[in-house]
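Chemist: Fold the following and give me the result.
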Amino acid sequence: MSTYVLVHGAWHTGEAWKRVIPLLTDAGHRALAPSLTGHGDRAHLLGPDVGLDTHVADVVRLITGSDLSDVVLVGHSYAGLVISSVANEIPERIGQLVYLDAMVPEDGESAVDVIPMTQFLIDRAALTGTPWRIPPLPEMPPPAGLFGVTDPTDQAWLRSMLSDDAVRCFQQPVRLDNPATARIPRTHIECTTGAPPNRRPVAPVQPNGDPTQVWELPTGHDCMITMPAELTDLLLKLG
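Modeler: Numbering: from 1, shown residues only. The predicted model follows:
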């Protein structure tokens, strides 16, 4: 049995993994999908002091508090920053890192460094009465849709879980100064429908020296909603 910890991206909640969790558990594995501080059942905790470090602490606390080991740690989108920092803190508990259509930072980088467009969201928030809050991205014309979701029923469900994030989440840098982190195998899963043309390319060699493993899903950004079975099939290859 493997243990999967599934970390949602910005503005989402752990509920985003609702279609994936039963598929993993039916295959005999354990799957946990926490809602990060400021989201889901923890939405009331959102404030200007919530940042990347807060979310890293959320996941570290879950893993150490539950005494988990050899974890397949999956980070979607913004959570690529989160899982990178978690691995830096507790590398001995992480068996695999999975970057799911995710930001892949270098040491000292923030979300703004990885995706410079993020600064536009911060600048726009600065013009409002709550400059520390960044609302979810709006729906775009197909195929982009709402985070890559175009089905009206699925969009309605997704909207029900979306909420604001704090600016500090996008400004705080990751810390990747633990040499043990480099030994953790990595897998990258990229969603190809509506993918940004300026996506940062993945390095051909992993930090541990192995060739980089990149898989693709022909769907939009929130693939756990649009292609849960296909995503699960890929994750099970790592368990």
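
Chemist: Tell me the spacing between Pro138 and Gly9.
Modeler: If you measure Pro138 against Gly9 using CB to CB, to the nearest Å, the figure is 16 Å. In short, each C-beta sits where N, CA and C put it, glycine included.

Chemist: Can you give me every residue that contacts the closest residue to Val50 other than its chain neighbours?
Modeler: Ranked by CB to CB, 6 or more residues apart in numbering and with sequence neighbours excluded, the top spatial neighbour of Val50 is Ala166, at 4.3 Å. Taking CB atoms under 8 Å, 6 or more residues apart in numbering as the criterion, Ala166 is in contact with Gly38, Leu46, Gly47, Pro48, Asp49, Val50, Gly51, Trp132, Arg133, Ile134.

Chemist: can you check Arg19 too?
Modeler: If a contact means CB under 8 Å, 6+ apart, then Arg19 has Met224, Ile225, Pro228 as its contacts.

Chemist: How about the secondary structure of it?
Modeler: Assigned state for Arg19: coil (three-state reduction, DSSP: H, G, I helix; E, B strand; the rest coil).

Chemist: ok, Ala180 touching Glu92?
Modeler: Yes: in this structure Ala180 lies within contact range of Glu92 using CB atoms under 8 Å: 7.0 Å.

Chemist: Looking at these two now, which is surrounded by more residues?
Modeler: Each of Ala180 and Glu92 had its neighbours counted (other CB atoms under 10 Å), and the higher figure belongs to Ala180 (12 against 9).

Chemist: Spit out the contact partners of the more buried one.
Modeler: Applying CB under 8 Å, 6+ apart, the residues contacting Ala180 are Pro91, Glu92.

Chemist: Quick check: it vs Pro207, distance?
Modeler: In this structure, Ala180 lies at 11 Å from Pro207, with CB to CB as the measure.

Chemist: Look at Pro152 and say how many residues are nearby.
Modeler: Burial measure for Pro152: 10 neighbouring residues, criterion other CB under 10 Å.

Chemist: Quick one: residues contacting Pro135.
Modeler: Trp11, Asp164.

Chemist: what separates it from Val167, distance-wise?
Modeler: In this view, Pro135 and Val167 are 12 Å apart by CB to CB.

Chemist: ChimeraX command for the buried members of the contacts of Arg19?
Modeler: Listed next is the ChimeraX selection for buried residues among these, using 16 or more other CB atoms under 10 Å:
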select :224,225,228
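
Chemist: Just the ones of the contacts of Arg19 in helices?
Modeler: Counting by DSSP state H, those place Met224, Ile225, Pro228 in helices.

Chemist: Could I get the full set of strands for the protein?
Modeler: 3-7, 30-32, 71-76, 94-100, 133-134, 165-166, 186-191, 213-217 (DSSP state E).

Chemist: Mind listing residues that contact the fifth one?
Modeler: This means strand 133-134. Leu46, Leu121, Ile122, Ala125, Asp164, Asp165, Ala166, Val167, Phe170.

Chemist: give me that answer again for 10 Å
Modeler: Strand 133-134 is contacted by residues 10-11, 38, 46-48, 118, 121-122, 124-125, 128, 163-167, 169-170 when judged by CB atoms under 10 Å, 6 or more residues apart in numbering.

Chemist: That strand: how far from the chain's middle?
Modeler: 18 Å (CA atoms, centre = their mean, to the nearest Å).

Chemist: same check, this time on the third one
Modeler: The chain centroid and the centroid of strand 71-76 are separated by 8 Å, computed with CA atoms, centre = their mean.

Chemist: now for it, which elements pack on it?
Modeler: strand 3-7, strand 30-32, helix 52-65, helix 79-89, strand 94-100, strand 186-191, helix 223-226, helix 228-236 (3 or more CB pairs under 10 Å, 6 or more residues apart in numbering; DSSP states H and E).
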